[in-house]
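# below is the structure, and that's it, no one-letter string:
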């Protein structure tokens, strides 16, 4: 499944689709003999990524052309196809030769295939372990990690050749966290069943891993692909329907993209019986959890939903803080706005300010406007991917609060002078 959020303009712009200009440009580059284009196009067509229809035969041909120009990645792709007999006639001898060339030219990840050949065909477990161990140590490849886990589980890791579930788990865990689907299945299994030396049965965690595996399924991928194609062709409602199908299946990406389309399409957003943010974007946040790569669009819209529609300021504050921790200065700006517009002197708890990197000194902690001035100044100085968008609002707010402080302080000086003059007159009058 292609995990592309509709707010990610960079990834959307890189989609090649079968009839797009970028696809034709890439195809022309490959025909002209550009090895990098040949490998890139082969990889996309082999997996059916970036909107391209999967075509293994065409992909293998591009790998062959790239390998003829000694491109390391193409050697690996072509060798892997020959080894498995995918898109071409199986030729194990030539496959090993191509993969060894990939390693010679610096593509150390190709050792995963050499290990596969040693393990499955030669039955040389010592040799397989050596390939996969070197591969993992040099590249941290998730597939090599998974295969090492398999060896420990099967009792085929040299020199002891004994079953060791503890050693196996270290590799499975690493591979699962780095998107290796087979290791994800293993992790889900042990969490569901228990019976592992290191794992306490946890059905909830098993369900999370199982859902993660389901998201990678080809059936879901087909629907997501159709949704992307509809979005590309500006068929917004069709795209929304496809993403809603994946959302109903509990897929995180479906909740987000359906929520985004629903929120942006006025005719859908005006439906009083269906709240886009409540029904979709809030569920996206529930499924996604508090991960660092939570999309800012969802955090901002859900936070505003709680602030203005639900009047749940506490929840809004938590989400704005998470938005700031997600490297979006809009979160810090909105926290300061809540503090400024509130009648209370401490609407934002001190621990929230600490979470977003704000620590007030003793001189300003009791002065509301001095605190706000400090926060807006901090907001102006942030250097994040989205800090440019918040610089002007933060600067204007900083200048406004500074003007208020100046007015109050000048007023105090003027009042003090007037009182001194009055005191002097009264003293002279009495004498």
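Noted; the coordinates are in hand. All figures in this text were calculated on a predicted structure; none of them were measured in a lab.
# when you work out contacts or count neighbours from here on, use the C-alpha atoms and nothing else.
Fine.
# what does the helix or strand hosting residue 239 rub up against?
If you go by DSSP states H and E, residue 239 is part of helix 236-248. Identification of contacts with helix 236-248 by CA atoms under 8 Å, 6 or more residues apart in numbering yields 220, 223-224, 226-231, 253-255, 257-258, 261-262, 280.
# list the contacts for the nearest residue to residue 397 once chain neighbours are set aside?
Leaving aside its chain neighbours, residue 397 sits nearest to residue 376 (6.6 Å; criterion: CA to CA, 6 or more residues apart in numbering). With contact taken as CA under 8 Å, 6+ apart, residue 376 is in contact with 333, 336, 394, 395, 397, 398.
# out of the residues you listed, which is most surrounded?
With neighbours defined as other CA atoms under 10 Å, the most crowded of the contacts of residue 376 is residue 394; it has 26 neighbours.
# per-residue confidence at the residue nearest to residue 397?
Note for residue 376: predicted pLDDT of 91.
# likewise for residue 425?
The model's pLDDT for residue 425 equals 73.
# list the buried residues for stretch 40-56?
40-46, 48-52, 56 (16 or more other CA atoms under 10 Å).
# check stretch 207-219 too.
Within stretch 207-219, the residues scored as buried using 16+ other CA under 10 Å are 209, 210, 211, 212, 213, 214, 215, 216.
# which one of the residues you listed is nearest to residue 66?
residue 216 (28.8 Å; CA to CA).
# and the next helix or strand past the helix or strand harbouring residue 114?
Secondary structure from DSSP H and E places residue 114 in helix 111-116. Going down the chain from helix 111-116, the next helix or strand is helix 125-139, by DSSP H and E.
# report the distance from the helix or strand harbouring residue 413 to the chain centre.
Residue 413 belongs to helix 387-430 when assigned by DSSP H and E. In this view, helix 387-430 has its centroid 47 Å away from the chain centroid, taken as CA atoms, centre = their mean, to the nearest Å.
# for the protein, what helix or strand is lowest in average pLDDT?
helix 266-269 (a mean of 63; mean pLDDT, DSSP states H and E).
# which strands and helices sit next to the helix or strand following it?
Helices and strands here follow DSSP H and E; after helix 266-269, the next one along the chain is helix 276. Here helix 276 touches helix 252-264, going by 3 or more CA pairs under 8 Å, 6 or more residues apart in numbering; DSSP states H and E.
# just to revisit the earlier point, how about the contacts of residue 376, which pair is most distant?
Spanning the widest gap among the contacts of residue 376 are 336 and 395, at 12.5 Å by CA to CA.
# just the strands in this protein please.
Remark: no strands are assigned in the chain by DSSP state E.
# show me what counts as buried in the helix holding residue 239.
Neighbour-count burial for helix 236-248, counted by 16+ other CA under 10 Å, picks out 236, 237, 238, 239, 240, 241, 242, 243, 244, 245, 246, 247.
# okay, now the domains of the chain?
What automatic domain parsing lists as the domains of the chain is 1-106, 108-216, 218-289, 313-431.
# ok so, going back, just curious, which of the buried residues of helix 236-248 is nearest to residue 146?
Using CA to CA, residue 246 comes nearest to residue 146 of the buried residues of helix 236-248, at 28.7 Å.
# and that closest one, how far is that from residue 240?
Distance of residue 246 to residue 240, given as CA to CA, to the nearest Å: 10 Å.
# distance from stretch 206-224 to the middle of the chain?
Remark: stretch 206-224 is offset 16 Å from the chain centroid, using CA atoms, centre = their mean.
# start to end distance for it?
End-to-end distance for stretch 206-224, by CA to CA: 24 Å.
# tell me the mean pLDDT for that stretch?
79.
# what sits up against it?
By CA under 8 Å, 6+ apart, the list of residues contacting stretch 206-224 reads 1-2, 181, 184-185, 187-192, 242-243, 245-246, 250-251.
# and residue 362, how many residues sit next to it?
Residues near residue 362, counting by other CA under 10 Å, number 8.
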